[in-house]
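Q: Need coordinates for the below:
(2 chains)
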Amino acid sequence: MSISGFFSQLLAIVMALVLAPLLMGWVNQWRAWLQNKSGPGVLQPYRMLHKLFHKESVLAEDASSLFRMAPYMVFGCMVLACAIIPTLSTDLPLSPAADAIALVGLFAVARVFISLAAMDIGTAFGSMGARREMLIGFLAEPALLSVFFTTSLISHSTALTSMVEYLAHKEFAIYPSLAFAGLAFSMVSFAENARVPVDNPATHLELTMIHEALILEYSGRHLALIEWAAALKLFAYSCIGLALFFPWGIAEAEAPLALILAIPALVFKLAIGGFLLALIETLSAKMRIFRVPEFLATAFLLAVIGMLVHFLLGA
Amino acid sequence: MSALISQLINLFASVILLLAFAMLSQRRIINLIHLYTWQGLAVVGSTTVVAYVTHQPHLYYSAALTLLLKVLLIPYFLHRLINRLNVRWDIETLFNIPTLMIIGIILVIFAFNVALPISRFSDTIAHGTLGIALACILLSFLMMITRAKAVPQVIGFLSMENALFLAATSATYGMPMVVELGIALDVLVGILISGVFMFQIREQFDSLDIRHLEKLKED
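A: So this is what the prediction gives:
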């Protein structure tokens, strides 16, 4: 492992940990602005994390060790995911550890643990949230995998770093299959990150909540870790989308100095992406839970059509 | 440059396929008409690009004809029709859209496989899109089968005509001008007649649900 590889890996992890809450705050701020509110400020997630880390963590009497372990597992999974996604550079020593398919598995591990922890306490809300989370997860996963299959078919590799290198270097060409995959990927990201058409991230008091129902029993540092992990997940999904469909500005192994330029490029792309996310969330209404399978079936369909179109047109 | 243009044709064809799927799963009649308009526009785009590449003037004419007919005249007529019928905000109850989508995917795979040997012998620039055109035809069929109301069925029929037009462009650079004019006139007359027909259905049954037509006598 070279020094520059080690450095870019470290930088990727640190940037993910630092930028993820900022992205969350940026999206929330834009949501507030678009609704004619003044908003809590971009730095609010940092304040919340700071507050939660200094609070006592209260555990239910019936909580098993699984309940205490789950936040660390989820947080660890998300940090690892952010480490193998080429956010700033494709020169990542950790990336051979997991390809795109293993990345989907990594997200699944986090989902299983958070759902088990939610059912562990035995409250009605927890198990309801867990079941909904699993429903969405099992529908979103095939769609996400199909998106990755399409991009791997184009780039002849399942490793995220080589996909990004290939997509960034190819001569300019219109890939209809990539357009389908991109559409499917954004739909899956909305579902997986509990954003508006599927779940409302701003509510704690609704029967329709999914993500908030899962973490209702957590407090203190556990809650902080889970909230941070949720921010990291949003960051990870945004970065996968940016890396696969807008791969410009990501540094490569031969040019370590491009890392300096990669950071503003990433921040710029994330700022636009966050604004678009807030815009879509403001414009769309939350759908009923029984419409979610339809929504995700559409995402799966788009991803599969992307693959088929690739076979038919060779592009 | 030519590679980019053929990719542009593929992109337009993919958009048409995407819109065919969107129409399959759309419940609102007003949105169906919007989707149909967009599909017509994509057909115009695709035809214009093919005309530009192959320097075939008659393709420009057929693109203009499509623009006039399928993007302006027929959607206008449909809008007037649903206003007069007072079904502008109607929502059709469609059951089990995921299953419908899966059937759609199977149809697409079937169409792609059928079209692959045919398009291999064709040397036109858009030969790759023949499979997509065939898939769109089958999807429009599926849409007509699954719909119970009269207006969406007519839109399914019109969307099939779009797909046939795309197939003709991709396989042989369009049909002769006489045939194309004839088809355009047929579609226009067809939609006029079906418009009148819809009023008759509603007069008779107080509804646009064509399942009423299955009964032979009043009970």
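Q: Can you show me the CA trace of the one helix or strand in chain A whose mean pLDDT sits lowest as CSV?
A: In chain A, the helix or strand scored least confidently by mean pLDDT, DSSP states H and E is helix A:160-169, which has a mean of 84. Extracted C-alpha coordinates of helix A:160-169, given in CSV (Å, rounded to 0.1, in the frame of the first residue of the first chain):
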residue,chain,number,x,y,z
LEU,A,160,-16.7,0.4,-7.7
THR,A,161,-13.3,2.0,-8.3
SER,A,162,-12.8,0.4,-11.7
MET,A,163,-16.4,1.2,-12.7
VAL,A,164,-15.7,4.9,-11.9
GLU,A,165,-12.4,4.9,-13.7
TYR,A,166,-13.9,3.4,-16.8
LEU,A,167,-17.0,5.7,-16.8
ALA,A,168,-14.8,8.8,-16.2
HIS,A,169,-12.4,7.9,-19.0
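Q: Other residues contacting that helix?
A: A:84-86, A:90-92, A:95, A:99-100, A:103, A:151-152, A:154-157, A:240, A:243-244, A:247-248, A:250, A:252 (C-beta atoms under 8 Å, 6 or more residues apart in numbering or on different chains). Just so you know, the C-beta spots here come from the backbone N, C-alpha and C atoms, and that holds for glycine as well.
Q: Just the buried residues of the residues you listed.
A: For the contacts of helix A:160-169, a neighbour count by 16 or more other C-beta atoms under 10 Å in any protein chain shown gives the buried set as A:84-86, A:90-92, A:95, A:99-100, A:103, A:151-152, A:154-155, A:157, A:240, A:243-244, A:247, A:250, A:252.
Q: which of these come close to chain B?
A: With C-beta under 8 Å from any C-beta of the partner chain as the criterion, the buried ones among the contacts of helix A:160-169 include none near chain B.
Q: For the residue in the stretch 1-150 of chain A positioned nearest to chain B, what is the enclosing helix or strand?
A: Here the residue of the stretch 1-150 of chain A nearest chain B is A:L139; by C-beta to the nearest C-beta that distance is 9.0 Å. For A:L139, the element it lies in under DSSP states H and E is helix A:124-155.
Q: So which residue is smack in the middle of chain B?
A: B:S159 (1.2 Å; C-alpha atoms, centre = their mean).
Q: List the residues that contact residue 198.
A: If you meant another chain, say so; for now it's chain A. A:136, A:190-191, A:210, A:286-287, A:292, A:295.
Q: that's the other chain; I wanted chain B
A: For B:M198, the contact set (C-beta under 8 Å, 6+ apart) comprises B:81, B:85, B:150-151, B:154, B:208.
Q: ok, for residue 146, nearest residue in space, not its chain neighbours?
A: As the question left the chain open, I've gone with chain A. Counting by C-beta to C-beta, 6 or more residues apart in numbering or on different chains, A:S146 lies nearest to A:A303, which is 3.4 Å off, once chain neighbours are set aside.
Q: Can you look at chain B instead?
A: B:L100 (6.4 Å).
Q: Does the one you found touch B:R27 like I think?
A: No. Contact criterion C-beta atoms under 8 Å: B:L100 and B:R27 do not qualify, at 11.7 Å.
Q: So for those two, which sits in the more crowded spot?
A: More crowded of B:L100 and B:R27, by other C-beta atoms under 10 Å in any protein chain shown: B:L100, with 20 against 13.
Q: B:L32 is in contact with B:A22, correct?
A: No. At 9.1 Å, B:A22 and B:L32 do not qualify as touching, with contact defined as C-beta under 8 Å.
Q: how about stretch A:92-99 as PDB, C-alpha atoms only?
A: Extracted in PDB, the C-alpha atoms of stretch A:92-99 (Å, rounded to 0.1, in the frame of the first residue of the first chain):
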ATOM      1  CA  LEU A  92      -8.500   3.300  -2.200                       C
ATOM      2  CA  PRO A  93      -6.600   0.500  -0.500                       C
ATOM      3  CA  LEU A  94      -9.800  -0.700   1.200                       C
ATOM      4  CA  SER A  95     -11.900  -1.000  -2.000                       C
ATOM      5  CA  PRO A  96     -10.800  -4.500  -3.000                       C
ATOM      6  CA  ALA A  97     -12.400  -5.600   0.300                       C
ATOM      7  CA  ALA A  98     -15.900  -5.200  -1.100                       C
ATOM      8  CA  ASP A  99     -17.300  -4.700  -4.600                       C
END
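Q: Show me how far that stretch is from its chain's centre.
A: Taking C-alpha atoms, centre = their mean, to the nearest Å, one finds the center of stretch A:92-99 at 18 Å from the center of the full chain.
Q: Which residue ranges of the chain form helices?
A: Picked chain A for this. A:3-34, A:44-53, A:65-84, A:100-121, A:124-155, A:160-169, A:176-192, A:211-214, A:220-245, A:258-283, A:292-313 (DSSP state H).
Q: actually it's chain B I care about, not the one you picked
A: Using DSSP H, helices in chain B cover B:2-24, B:29-54, B:57-66, B:74-85, B:97-121, B:130-146, B:150-172, B:177-205.
Q: Including mean pLDDT, could these go into TSV?
A: As requested, these are arranged in TSV below (pLDDT from 0 to 100):
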stretch	mean pLDDT
helix B:2-24	86
helix B:29-54	90
helix B:57-66	87
helix B:74-85	88
helix B:97-121	85
helix B:130-146	90
helix B:150-172	86
helix B:177-205	81
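Q: Compare those and give me the one nearest A:V74.
A: helix B:97-121 (29.3 Å; C-beta to C-beta).
Q: Distance from the closest one to the middle of the chain?
A: The answer for helix B:97-121 is 16 Å, by C-alpha atoms, centre = their mean.
Q: what's the angle between that helix and helix A:124-155?
A: Comparing the axes of helix B:97-121 and helix A:124-155 via axes from the mean of the first three to the mean of the last three C-alpha atoms, to 10 degrees yields an angle of 0 degrees.
Q: what's next to helix B:97-121, contact-wise?
A: A:293-294, A:297-298, A:300-301, A:304-305, A:308, A:311-312, B:17, B:21, B:24-25, B:94, B:127-128, B:130-135, B:137-139, B:142, B:146, B:170-171.
Q: let's go with 6 Å and repeat that
A: Contacting residues not belonging to helix B:97-121 are listed as A:293-294, A:297, A:301, A:304, A:308, A:312, B:24-25, B:127, B:130-131, B:134-135, B:138-139 [C-beta atoms under 6 Å, 6 or more residues apart in numbering or on different chains].
Q: Near chain B, which residues of the stretch 51-200 of chain A? Just list them.
A: Proximity of the stretch 51-200 of chain A to chain B, by C-beta under 6 Å from any C-beta of the partner chain, involves residues A:173-174, A:176.
Q: So how do I select the buried members of the residues you listed in PyMOL?
A: To isolate the buried members of these in PyMOL, using 16+ other C-beta under 10 Å:
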select buried, chain A and resi 174+176
